[in-house]
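1. below: sequence and its predicted model.
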Amino acid sequence: MSYPSDPQAVDLMIGFPFADKNAVYQHLRAGFKDAESAEGGDLVMPAGYMFTDTPPEASPDEDPIETTFAKMDRCGVRAGLFGLNKVSIEARERHPGRVYFSLEIDPNDIAGTVRKIRERHSEHGLNAVTTFPAGCIPQVPVSDRRYYPIYMTCIDLDLPIISNAGIPGPRVPADCQHVRHFDDVCYDFPELRIVMRHGAEPWEALAVKLMLKWPGLYYMTSAFAPKYYPSAIIDYANTRGSDKVMYAGYYPAGLDLERIFGELPDVPLRPHVWPKFLHENAEKVFKIPVPAG
């Protein structure tokens, strides 16, 4: 397997410790019908039943930026794709060359979303747009007409879009994230770079078939501990998909970086695949600069 001694990883889903987890997920609760999810309580994170030992909230005297970068340094994470907000903007000022921005969108407000993408990209320089179709209120299928102006905007700005694929963790319907929807999108937008996140299960075999078919369709490993990476994805990365599968974590939402990078060396990737998986594919798809030297 030959896991590299200096991973130089680019983490495509990373953030900073939350001061108030309930507040972070409050906007999703309007879409829940089961009491445990809707009321929060012990289930602060809507998919928390799927995870054990989720990272704690930030303490009052903690600097969340330095907490995250200390973890990155220990684990060999060179750079990360962070959601655009005040904290990540400050983090980029403190750690230039290591912070890249994504913008989470809900396409229900079509014109407003297109305008927001263009403005934020002009102001801050985005590297990706991200979306959670099952978490939109109302839900929006990946191939729905409401997404189409967003996809065209991403093409115009040369930005990839990351979309949840597969059964969502929160207790909401899943059909809007069925992997079959990506087939229509790739057909209608052959120039689009679209990256499936959060597993694509139980349709991961279909995800592989579609990645073989469509040059602009990719996969990242967010929200899965390495020992649970789908075998179909690992097999694909080791064969015809070495340029299509990318590392992404899930800190601080569900997984700690120490756990992820403690398990990664046991993932059965071939030696030549590791650099592509950890950083080279991300550098190409997300236009993240390669460090000098």
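-> Yep, that arrived.
2. every contact and neighbour count from this point should use C-alpha atoms.
-> OK.
3. and the longest helix anywhere in the chain, what does it pack against?
-> Of all segments of type helix in the chain, defined using DSSP state H, the longest is helix 110-124. When contacts are defined as 3 or more CA pairs under 8 Å, 6 or more residues apart in numbering; DSSP states H and E, helix 110-124 packs onto strand 99-105, helix 148-157.
4. so which of the ones you listed gets nearest Lys213?
-> Smallest distance to Lys213 across the helices and strands packed on helix 110-124 (CA to CA): 19.0 Å, for helix 148-157.
5. what's the helix or strand for the residue lying farthest from the centre of the chain?
-> Outermost residue of the chain with respect to the C-alpha centroid, by CA atoms, centre = their mean, is Asp61; its distance is 28.5 Å. Asp61 belongs to no helix or strand when elements are defined using DSSP states H and E.
6. output the below-cut-off pLDDT ranges for the stretch 51-200 of the chain.
-> Nowhere does the stretch 51-200 of the chain drop to pLDDT under 70.
7. any idea where the strands of it begin and end?
-> 77-83, 99-105, 126-131, 161-164, 194-197 (DSSP state E, counting those that start in this stretch).
8. which non-adjacent residue is nearest Glu201?
-> Gly166 (4.9 Å; CA to CA, 6 or more residues apart in numbering).
9. quick one: contacts of stretch 50-60?
-> Residues outside stretch 50-60 that contact it (CA atoms under 8 Å, 6 or more residues apart in numbering): 17-21, 48, 64, 169, 251-256.
10. show the buried residues in those.
-> Pro17, Phe18, Gly48, Pro64, Gly169, Tyr251, Pro252, Ala253, Gly254, Leu255, Asp256 (16 or more other CA atoms under 10 Å).
11. hmm, Met45 and the fifth one touching each other?
-> No - with contact defined as CA atoms under 8 Å, Gly169 does not reach Met45; the gap is 9.8 Å.
12. returning to that earlier point: can you pick out the most distant pair from the contacts of stretch 50-60?
-> Once CA to CA is applied, the contacts of stretch 50-60 give Pro64 and Gly169 as the farthest pair, at 25.4 Å.
13. counting neighbours, what do you get for the closest residue to Ala79 other than its chain neighbours?
-> Leaving aside its chain neighbours, Ala79 sits nearest to Arg98 (4.2 Å; criterion: CA to CA, 6+ apart). A count of neighbours around Arg98, defined by other CA atoms under 10 Å, yields 20.
14. and Arg98, how far from Pro17?
-> 17 Å (CA to CA, to the nearest Å).
15. and if you look at Arg115?
-> Applying CA to CA to Arg115 and Pro17 gives a distance of 29 Å.
16. just the buried residues of stretch 5-16, please?
-> Here stretch 5-16 shows Pro7, Gln8, Ala9, Val10, Asp11, Leu12, Met13, Ile14, Gly15, Phe16 as buried, counting by 16+ other CA under 10 Å.
17. show me those that map onto strands.
-> Those of the buried residues of stretch 5-16 mapping onto strands are Ala9, Val10, Asp11, per DSSP state E.
18. how much space between the last one and Asp183?
-> So the one you mean is Asp11. When Asp11 is compared with Asp183 (using CA to CA), they lie 26 Å apart.
19. just the first one next, same as before
-> From Ala9 over to Asp183 the distance is 30 Å, taken as CA to CA.
20. wait, Ile14 sits on Gly254?
-> No - taking contacts as CA under 8 Å, Ile14 lies outside contact range of Gly254: 10.5 Å.
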